[in-house]
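pasting the structure only:
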Ligand code: E4P
């Protein structure tokens, strides 16, 4: 499973890029609003850091508007992936983008049927939202498992991005259940690096080393 970062904060992207494990970026309108910056400027900066897919979301509700917005965004770079909501209009736009060689990420996926339809319309990626399902007492990881199984059985090349991830256990579970990618907030990526025994081990090695040097 690969790692994307789910943020519009360029500093966070820059930092995680240096860790050497970052394969892409996802943004959404809420994350861009939180950054307090102009979307196109943020996007250009992200594109100057990351070579992998960078998801930029359209805001129109109808396919013509989505296509217009998406084509403008896609013209910025080959690695811009157009993030389209899972609606009938979204499917029409995804189909158009697929025919024109533009990558798409169908977002706000909450059922296996939605994922299958998005894939058949030509989506490059689908994003099942784990955390938001858990929030309403449904099992988000079960959705990842169902989608992974369906895509495997039917030999579908669309990649599954486990999205709306809240904590490190979600990441392990998503990897075990067949997600190709997990898109993670910076905080979760940082939490995943840490383990108290690693910190204690470093302290002990250092203390033993110093003691040996003194004796
Ligand atoms: C994915 O692409 C979305 O941007 C994101 O994972 C949504 O997560 P949230 O439910 O924490 O807002």
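Perfect, I can see it now. All values reported here derive from a predicted model rather than from experimental measurement.

For whichever helix in the chain runs longest, which helices and strands make contact with it?
Counting by DSSP state H, the longest helix found in the chain is helix 196-214. Of the remaining helices and strands, none touches helix 196-214 by 3 or more CB pairs under 8 Å, 6 or more residues apart in numbering; DSSP states H and E. C-beta: built from backbone N, CA, C; applies to glycine.

so what's the residue nearest to the spatial centre of the chain bridging to?
By CA atoms, centre = their mean, the mean C-alpha position of the chain lies nearest to residue 183, the distance being 3.0 Å. Beta-bridge partners for residue 183, by DSSP bridges, are residue 4.

got the contact list for it?
In this structure, residue 183 makes contact with 3, 4, 5, 6, 24, 26, 127, 161, 162, 163, 165, judged by CB atoms under 8 Å, 6 or more residues apart in numbering.

Mind giving me the ChimeraX command for buried ones among those?
Here is the ChimeraX command that selects the buried residues among the contacts of residue 183 (16 or more other CB atoms under 10 Å):
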select :3,4,5,6,24,26,127,161,162,163,165
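
near the ligand, which of the contacts of residue 183 show up?
Residues of those in contact with the ligand (CB under 6 Å from any ligand atom): 6, 26, 127, 163.

you'd agree the second one is up against residue 165?
Read it as residue 26. No. The criterion here is CB atoms under 8 Å, and residue 26 misses it with residue 165 at 10.8 Å.

before we move on, the earlier item: so what pLDDT did the residue nearest to the centre of the chain get?
pLDDT, residue 183: 98.

same check, this time on residue 30
95.

what do you get for residue 122?
Note on residue 122: pLDDT of 98.

likewise residue 149?
Model confidence at residue 149, expressed as pLDDT, equals 98.

got the buried residues for stretch 77-87?
Burial within stretch 77-87, assessed by neighbour count using 16+ other CB under 10 Å, is assigned to 77, 79, 80, 81, 82, 83, 84, 85, 86, 87.
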